[in-house]
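In: Please find the sequence and the predicted model below.
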Amino acid sequence: TKVESADIASKVEPVGSSDVVGDSDRNIEPHDIHRLVPVWRKTGLPVTEKWSFAGKTVAVAGDDTYGIADFIKADGGKVVEIINTLKEPFDRPINSDLQLEESLNNLDELILDGLICITPFDVKSFFIIVKKLFSFLNKQDKFIAAFSAVDKNPSFAGICGMMKSLAKEMPNTIVKAVSILDNYVDNTSLKNNAQISNSLKSQPVQIFMDEIRSTDPRVEISYRNGGKYVVHLEDSPLSKKEKDFTQKGLIANGDTILVTGGARGITFEILKAVVKRYQTNLIILGRSDIYNIDALSDIIADVESISS
């Protein structure tokens, strides 16, 4: 499966529909490469559940220039600020991770109801925070949410990918990654449309909070071009030139293949299948400790078993 960069689709998708085209809708020929392309598809505005932050305690990480903490307090909630000066993984101090972990120890005695990360924010720092709070938030009616008001934000992209994994690991927790761009009400034809929700014309914080409290289970949400968009995978047929290329075969017997990060996990399992079928030579680049005799022995044993 080949995945290309997301583009905006004009179709409108109903709330709660599948993010992926079903297998029954596809006609896949044997040994053919089937390509799914992620696109932004417009969907309905969120149906917000009637609950408030009253009596809830929320941890807020990041530079809160948008007033998210003030919104929670005004709604009767409490806020615990997680201060972290790192916004991007550049010039990372050696002891920064340890300092962050130590600063989170005071959260052990709190009963947290949610975590909000405001990007730009260091992705590894977010991982450390989630790891620390995982047991607190892996429960019914708890939530983890990330907020971005900047288009093409690298840190939000990394955190968004992590959030989609968290949604699978924490099925009872509300998990949202919401970007609200400046152009979401810039379309003049939509500004005067009576059907546009009042919240869509209000401040981004209100929209973000409405999304957290919505019944829409999807994780990655973007408000842009006057509406709400979600990622949807669509079929993209291969061109004749692409089909001719794939039929010739991407790998030939005896090829030498350079692999990055292939000594462990799913990549190594794929490599074993490739070696078994094509008898290829592999050059594996990675961070696994080659001086770890047990790990190295396991890798050598696997490769020798395939070669024999």
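Out: Structure received. Numbering: from 1, shown residues only.
In: Strands of this protein, residue ranges please.
Out: 7-13, 36-43, 57-61, 78-82, 114-118, 143-148, 174-180, 220-224, 227-235, 256-260, 281-285 (DSSP state E).
In: and the fifth one, what does it pack onto?
Out: Contacts defined by 3 or more Cβ pairs under 8 Å, 6 or more residues apart in numbering; DSSP states H and E place strand 114-118 against strand 57-61, helix 123-137, strand 143-148. Glycine gets a C-beta too; all of them are placed from N, C-alpha and C.
In: By neighbour count, which bits of the second one are buried? Give me those.
Out: Meaning helix 123-137. 123, 125-126, 128-130, 132-133, 136-137 (16 or more other Cβ atoms under 10 Å).
In: Could you identify the most distant pair in those?
Out: Greatest spatial distance among these (Cβ to Cβ): V123 and F136, at 20.5 Å.
In: thinking again about what came up before, export the helices and strands packed on strand 114-118 to a markdown table and append columns for mean pLDDT.
Out: Listed next are the helices and strands packed on strand 114-118 as a markdown table, based on pLDDT from 0 to 100:
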| stretch | mean pLDDT |
| --- | --- |
| strand 57-61 | 94 |
| helix 123-137 | 91 |
| strand 143-148 | 96 |
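In: could you dump these to CSV with distance to L238?
Out: Formatted as CSV, the helices and strands packed on strand 114-118 follow (distance: least, Cβ to Cβ, whole Å):
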stretch, distance to L238
strand 57-61, 43
helix 123-137, 34
strand 143-148, 34
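In: which one of these lies closest to L110?
Out: When the helices and strands packed on strand 114-118 are compared by Cβ to Cβ, strand 57-61 sits nearest L110, at 6.0 Å.
In: who does that closest one pair up with?
Out: Note on strand 57-61: by DSSP bridges, its sheet partners are strand 78-82 (parallel), strand 114-118 (parallel).
In: buried residues in the first one?
Out: Within strand 78-82, the residues that count as buried by 16+ other Cβ under 10 Å are 78-79, 82.
In: So, low pLDDT: which residues of the chain?
Out: Applying pLDDT under 70 to the chain flags the ranges 1-34, 84-96, 185-202, 245-248, 262-263, 288-308.
In: pretty sure V230 contacts R218?
Out: Yes. With contact defined as Cβ atoms under 8 Å, V230 reaches R218; the gap is 5.3 Å.
In: Between these two, tell me which one has more neighbours.
Out: A side-by-side neighbour count of V230 and R218, using other Cβ atoms under 10 Å, places R218 first with 23 against 20.
In: separation between the more buried one and L181?
Out: In this view, R218 and L181 are 18 Å apart by Cβ to Cβ, to the nearest Å.
In: ok, A177 - contacts?
Out: A177 sits next to 145-146, 148, 156, 159-160, 163-164, 219-221 when contact means Cβ atoms under 8 Å, 6 or more residues apart in numbering.
In: just curious, which of the residues you listed is nearest to V275?
Out: Ranked by distance to V275 (Cβ to Cβ), the contacts of A177 are led by K164 at 31.0 Å.
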